[in-house]
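Engineer: Fold the following, please.
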Amino acid sequence: MSRHAIHLEKSIEDLKRMILSLGADVEDSVKRSVQALVKRQAEWAMKVIDADYEIDQREVDIEEECLKILALHQPVANDLRLIIAILKINNDLERIGDLSVNIAERAVYLSNEKRVDLPFDMQVMAGKVQSMLKRSLDAMVNRDEKLARQVCEDDDEVDAMNREMYVCVEQAIKKDSGNLNSYIQLLSASRYLERMADHATNIAEDVIYLVTGEIIRHGSNTSKEEAGL
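Structural biologist: Alright, predicted model coming up:
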């Protein structure tokens, strides 16, 4: 193996460690923000908000590392697909981190308000979203196309949960308009969870691209040959 190939392999391994570390921290941020919302714990929520700067910075570091590898090593074939996939996954993870902050902000607001009850279990929806995120990252680590496709299929279930939440909030506001703002905050949190699921689906789709070269986002079915990769 040439010195150039050895350097490229090491750079890619370092890049993999960086994206996996970011993924673990984003998973933790999602978990903490949901717990803060459910338990109405402003202190927990503030920890999520304060930690977002580091997630943002690491997203920038990973992007810069990807661009450096592309410029210095000019990878092709599988290595090129991997770097493209990591660039896209990196962006989705950063956006999930931002959405965790949005939920944490809702938790801070609700911690100072009277608790309202809804016939909807936010933790069930959050658990589904957390599972999708974890499995999408597991699929990336193991290059597991089957697991990635399962994550994509689960997105419809989260969409249905979000619609159910909308109906619950609409009915609750009609009966208890005095707590309008609290219901709206809960609905916003549901919407943020639904968007997290979308980003987890994006990651799964990028894993499918990484493994097979197939581009399936937006209903596309472009092969790696057609894409020039």
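Engineer: Correct me if wrong: residue 186 contacts residue 106.
Structural biologist: Yes - using C-beta atoms under 8 Å, residue 186 makes contact with residue 106 at a distance of 7.4 Å. In this view, the C-beta of every residue, glycine as well, is placed from N, C-alpha and C.
Engineer: Give the other helices and strands that the helix or strand encompassing residue 105 contacts.
Structural biologist: In this assignment (DSSP states H and E), residue 105 forms part of helix 77-110. For helix 77-110, the packing partners by 3 or more C-beta pairs under 8 Å, 6 or more residues apart in numbering; DSSP states H and E come out as helix 3-39, helix 42-73, helix 122-142, helix 180-212.
Engineer: now the ones you listed in JSON lines, with mean pLDDT and mean neighbour count?
Structural biologist: Shown next, in JSON lines, are these (pLDDT from 0 to 100; neighbours: other C-beta atoms under 10 Å):
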{"stretch": "helix 3-39", "mean pLDDT": "91", "mean neighbour count": "17"}
{"stretch": "helix 42-73", "mean pLDDT": "94", "mean neighbour count": "16"}
{"stretch": "helix 122-142", "mean pLDDT": "93", "mean neighbour count": "19"}
{"stretch": "helix 180-212", "mean pLDDT": "95", "mean neighbour count": "22"}
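Engineer: for those helices, which one sits closest to residue 155?
Structural biologist: In terms of C-beta to C-beta, the element of those nearest to residue 155 is helix 180-212, at 4.5 Å.
Engineer: what angle sits between that closest one and helix 77-110?
Structural biologist: 170 degrees (axes from the mean of the first three to the mean of the last three C-alpha atoms, to 10 degrees).
Engineer: what angle sits between helix 180-212 and helix 122-142?
Structural biologist: Using the same axes, to 10 degrees, helix 180-212 lies at 20 degrees relative to helix 122-142.
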